[in-house]
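>>> What follows is a predicted protein model with its sequence.
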Amino acid sequence: MTARSARSYAARGLHVLGTLAVLFFILFPIAWLAMTALRPARDAFSTSPFFSPTLENFRGIIGGENDLTMALVNSVVVGVATTLIALPMALLAAYGFSRYRFPGHRSMLLAMVATQFIPGVAIALPFLTLFHDLGLLDTRAALVIVNLSLVVPYITWLLKGFVDGLPLEIEEAARMDGCGQVRLLWRVVTPLAAPGIFVCAVFSFLLSWNEFLFPTFLAKENATTLPVGLMTLVRPEGVAWGQMAAAGLTVMLPMLIMSLFVRKHFAQGMTMGAIK
Amino acid sequence: MVTATSPAGRSTARGAEDPGRPARAPRRPRGRLRRSAAPYLHLAPALAAVVLTTVYPLVAALVNSFRHWRLNESRTPGAFVGFDQYARALRDDTFLNSVVVTTRFTVISVVLSVGLGLAIALLLNRRGRLTGLTKALLILPFAVAPALKGFSWRFMLNPDHGVYDKMLGTVLPFTSDVDWLGDEFWAQIVLVLTEVWGWAPLIALMLLGGLASVPPEVHEAARVDGCGAWDRFRHITFPLLRPLLLIVVFLKAVFSIKLFDQVVTITGGGPGRATETLNFYAYAQGFTFLDIGYASAVSWILVLALGVLAAFYLIAMNRQEER
């Protein structure tokens, strides 16, 4: 064996080790949380990888002593409602930005992106007093309204990228055939943009599912979502870690699965969203 | 538009199969729609939503920041007090403390997240089954809700039984007695670590997109010319990645300045005020002490800080484009 090939073997070994270290770094906290969730509650702090899995922690938070069912329902309802309201608005706007040049085009697009830099407190504070006056405090509707501030600009930007990539010829042909604008959007653009719409639906749900500041501010009891519901497991007499992990897994799992589907667009959406 | 992002970015938008597709001719307004209201009609619903949920609260917060308004005293806004509440913030030690905490946290977590993210991206920038799997999983930490990140790290760093506490105590014996969240210094480290865990893999994912746009022939040619790995990184990879790195640094900085969720779920601002960030301070003033006026002033200081950062960033981007 020559010195050169020995060195390349060593480099390869190092590379594999490094990659395994990265995998460990990424996966360990997630795996540990999953294990804690399935561990018997009395062994929450056990560090042994061997245990007999049980669902008792899940029973504790779903219908059990620390019932989080309501928070789970709220999370799903708020996420779905936010997505259903935001998507049509964003698709219309994305199409407008993509297909027309008009006065204010650039600055409006820039303003959309700029909203991502606004701190949540600045948005939540005025809504705290407004919803208080309107009697909307602690309702799901309040959370949906405020979540739109996060979701609409973001997925408009993302969808614009998708619409930019759609072939114009089909639209032109449809227009020649006398297809009106509404029909065109619904029958031609929407099906063509379906993959992009799917990605945006996932993002929209993810943003509102993981959102913590707004429900902390605007929901006290009835409308709390799952991430905030986790806080109720922190008690003066101690934290119910097993149930916390079970609830955590419930928050995490759908997001992990969905994010794997759209991971390419995630990185792209973040970086592209930052520029004009 | 930044050149380094567009090849990778555009190709994924169109479908990863045809990255080499020629750019489409610029789109022109067409026929009868040229001077119509059509574009504005398309934008109207989304703009209405943005105005209601972003412009309205920003303006309302600005107005409130000039008014005396404590919810526990009165349910209606009080007298205008001009810049009093801004002046109060600048004289308030706990506010200034939160500025220092936020700045320190931002600088450290940007450096560590971007540094580690770059290292991971360079490590994984090759083909192979193991690297492929790892690349696919890079998104996972970021998909975990920030609030949950906080809880899980707090659990794993529990000084009595936490698994990370035990592991670290074995590898770095001097940490075996550390009470991670009870100590001002270590609590800040923990906060940084959770951020690095969430962001470094995502940053790696973003940078891998940029690295993929560097043609391998360039590296091959440099290697043939006798360029070492470090020289190739410094003279080829880094200059090509620079625009993308700038975006990533900026994004990470913005999200660090806005840090809130983990502060609540890990440290609650403590011990003492060691981890009380600006966003958390504004939240406490408004939500706990119900001082809407003062909290609005603080949140507007935060808005201005982020606005200045955004302006610098846009100027830098423009300059880069002109080159």
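Looks like it came in fine. Residues are numbered from 1 along each chain as shown, chains lettered A, B, ... in the order given.
>>> Please make it C-alpha for all contacts and neighbour counts, starting now.
Fine.
>>> Can you give me the neighbour number for whatever residue of the stretch 51-200 of chain A ends up closest to chain B?
Using C-alpha to the nearest C-alpha, A:Ala93 is the residue of the stretch 51-200 of chain A that sits closest to chain B, at 4.4 Å. When neighbours are defined as other C-alpha atoms under 10 Å in any protein chain shown, A:Ala93 has 29 of them.
>>> Give me the spatial nearest neighbour of it, chain neighbours excluded.
Excluding its sequence neighbours, the residue lying closest to A:Ala93 (C-alpha to C-alpha, 6 or more residues apart in numbering or on different chains) is B:Leu43, at 4.4 Å.
>>> Can you name the residues that contact that neighbour?
If a contact means C-alpha atoms under 8 Å, 6 or more residues apart in numbering or on different chains, then B:Leu43 has A:89, A:92-94, A:96-97 as its contacts.
>>> What of A:Ser259?
Residues near A:Ser259 by C-alpha under 8 Å, 6+ apart: A:202, A:266, B:139-140, B:143.
>>> Which residue in these has the weakest pLDDT?
The lowest pLDDT within these belongs to A:Phe266, with 69.
>>> Give me every residue in the stretch 51-200 of chain B that's in contact range of chain A.
Applying C-alpha under 8 Å from any C-alpha of the partner chain, one finds that the stretch 51-200 of chain B approaches chain A through B:53-54, B:57-58, B:60-61, B:120, B:123-124, B:130-131, B:134, B:136-141, B:143-148, B:152-153, B:155, B:161-163, B:197.
>>> Among those residues, which ones are in strands?
Within these, no residue falls in strands by DSSP state E.
>>> Mark which of the residues you listed are buried, thanks.
Buried subset of those (neighbour count, 16 or more other C-alpha atoms under 10 Å in any protein chain shown): B:53-54, B:57-58, B:60-61, B:120, B:123-124, B:131, B:134, B:137-141, B:143-148, B:152-153, B:155, B:162-163, B:197.
>>> Filter the residues you listed down to the ones in helices?
Secondary structure defined by DSSP state H assigns B:57-58, B:60-61, B:120, B:123-124, B:131, B:134, B:137, B:140-141, B:143, B:146-148, B:152-153, B:155, B:163, B:197 of those to helices.
>>> what about the helices in the stretch 1-150 of chain B?
Here the stretch 1-150 of chain B has its helices, by DSSP state H, counting those that start in this stretch, at B:5-14, B:38-50, B:56-65, B:84-91, B:93-124, B:129-137, B:140-143, B:146-156.
>>> now the last one: mean pLDDT?
For helix B:146-156, the mean pLDDT works out to 85.
>>> Now tell me what touches it from outside.
Contacts to helix B:146-156, defined as C-alpha under 8 Å, 6+ apart, come from residues A:29, A:33, A:210, A:212, A:227, A:241, A:245, A:248, B:162-165, B:181, B:190, B:194, B:261-266.
>>> Could you tell me which of the residues you listed are located in helices?
Going by DSSP H, the helices hold A:29, A:33, A:210, A:227, A:241, A:245, A:248, B:163-165, B:190, B:194, B:261-262 from these.
>>> tell me which helix or strand of chain B sits lowest on mean pLDDT?
The helix or strand of chain B with the poorest confidence is helix B:5-14; it has a mean of 38 (mean pLDDT, DSSP states H and E).
>>> Now do the helices in chain A.
With helices called from DSSP H, chain A shows them at A:3-38, A:56-61, A:69-99, A:105-114, A:120-134, A:140-164, A:168-176, A:181-183, A:190-192, A:194-210, A:213-218, A:226-229, A:241-261, A:263-274.
>>> What is the most widely separated pair among the ones in helices among the contacts of helix B:146-156?
A:Asn210 and B:Asp165 (26.8 Å; C-alpha to C-alpha).
>>> any idea of the mean pLDDT for stretch A:125-134?
On average, stretch A:125-134 scores 89.
>>> List the buried residues of that stretch.
When neighbours are counted by 16+ other C-alpha under 10 Å, the buried residues of stretch A:125-134 are found to be A:125-129.
>>> Kindly report the same for stretch A:170-178.
For stretch A:170-178, a neighbour-count test (16+ other C-alpha under 10 Å) marks A:171, A:174 as buried.
>>> same question, stretch A:66-77
Using 16+ other C-alpha under 10 Å as the test for burial, stretch A:66-77 gives A:66-72, A:74-77.
>>> that older thread, wait, what's in contact with the residue of the stretch 51-200 of chain A closest to chain B?
A:Ala93 makes contacts with A:156, B:42-46, as judged by C-alpha under 8 Å, 6+ apart.
>>> Taking those together, which two end up most distant?
Taking C-alpha to C-alpha, the two most distant members of those are A:Thr156 and B:Ala44; they sit 12.5 Å apart.
>>> Between those two, point out the one with more neighbours.
Counted by other C-alpha under 10 Å, A:Thr156 and B:Ala44 do not tie: A:Thr156 has more neighbours, with 29 against 16.
>>> For A:Asn210, see how far away that one is.
Distance of A:Thr156 to A:Asn210, given as C-alpha to C-alpha, to the nearest Å: 19 Å.
>>> re the thing from before, neighbour-wise, which one of the contacts of B:Leu43 leads?
In terms of neighbours by other C-alpha under 10 Å, these top out with A:Ala93 at 29 neighbours.
>>> Look at B:Lys245 and say how many residues are nearby.
Actually, residue B:245 is Leu. It isn't Lys. 20.
>>> Run through who's touching stretch B:178-198.
Stretch B:178-198 is contacted from outside by A:25-26, B:105, B:108-109, B:112-113, B:141-142, B:144, B:149-150, B:153-154, B:157-159, B:262-263, B:266-267, B:270-272, B:274-275, using C-alpha under 8 Å, 6+ apart.
>>> Identify the residue nearest A:Pro153 in space, chain neighbours excluded?
Nearest in space to A:Pro153, with sequence neighbours left out and distances taken as C-alpha to C-alpha, 6+ apart, is A:Met112 at 5.1 Å.
>>> Test my guess that that neighbour contacts A:Leu150.
No. A:Met112 lies out of contact with A:Leu150 (C-alpha atoms under 8 Å); the separation is 10.2 Å.
>>> Let me know how buried residue 250 is, in neighbour terms.
No chain in the question, so chain A it is. Number of residues near A:Thr250 (other C-alpha under 10 Å) recorded here: 17.
>>> Switch to chain B, please.
Around B:Phe250 there are 18 other residues, counting by other C-alpha under 10 Å.
>>> Chain A versus that one, what's the distance?
B:Phe250 sits at a distance of 8 Å from chain A (criterion: C-alpha to the nearest C-alpha, to the nearest Å).
>>> Find the nearest non-adjacent residue to that residue, please.
Nearest non-adjacent residue to B:Phe250 (C-alpha to C-alpha, 6+ apart): B:Tyr313, at 7.2 Å.
>>> quick one: average pLDDT of whichever strand or helix holds the one you found?
Using DSSP states H and E, B:Tyr313 falls within helix B:292-322. Average pLDDT, helix B:292-322: 82.
>>> just checking, what packs against that helix?
Using 3 or more C-alpha pairs under 8 Å, 6 or more residues apart in numbering or on different chains; DSSP states H and E as the contact test, the elements touching helix B:292-322 are helix A:120-134, helix B:56-65, helix B:84-91, helix B:238-257, helix B:278-283.
>>> Out of those helices, which one sits most buried?
helix B:278-283 (a mean of 26; mean count of other C-alpha atoms under 10 Å in any protein chain shown).
>>> Show residues contacting that one.
The contact list for helix B:278-283 (C-alpha under 8 Å, 6+ apart) reads A:119, A:121, B:95, B:98-99, B:101-102, B:257-260, B:263-264, B:269, B:295-296, B:298-299, B:302.
>>> Repeat the analysis, applying 6 Å as the threshold.
B:98-99, B:260, B:295, B:298-299 (C-alpha atoms under 6 Å, 6 or more residues apart in numbering or on different chains).
>>> Fine by me, we can end here.
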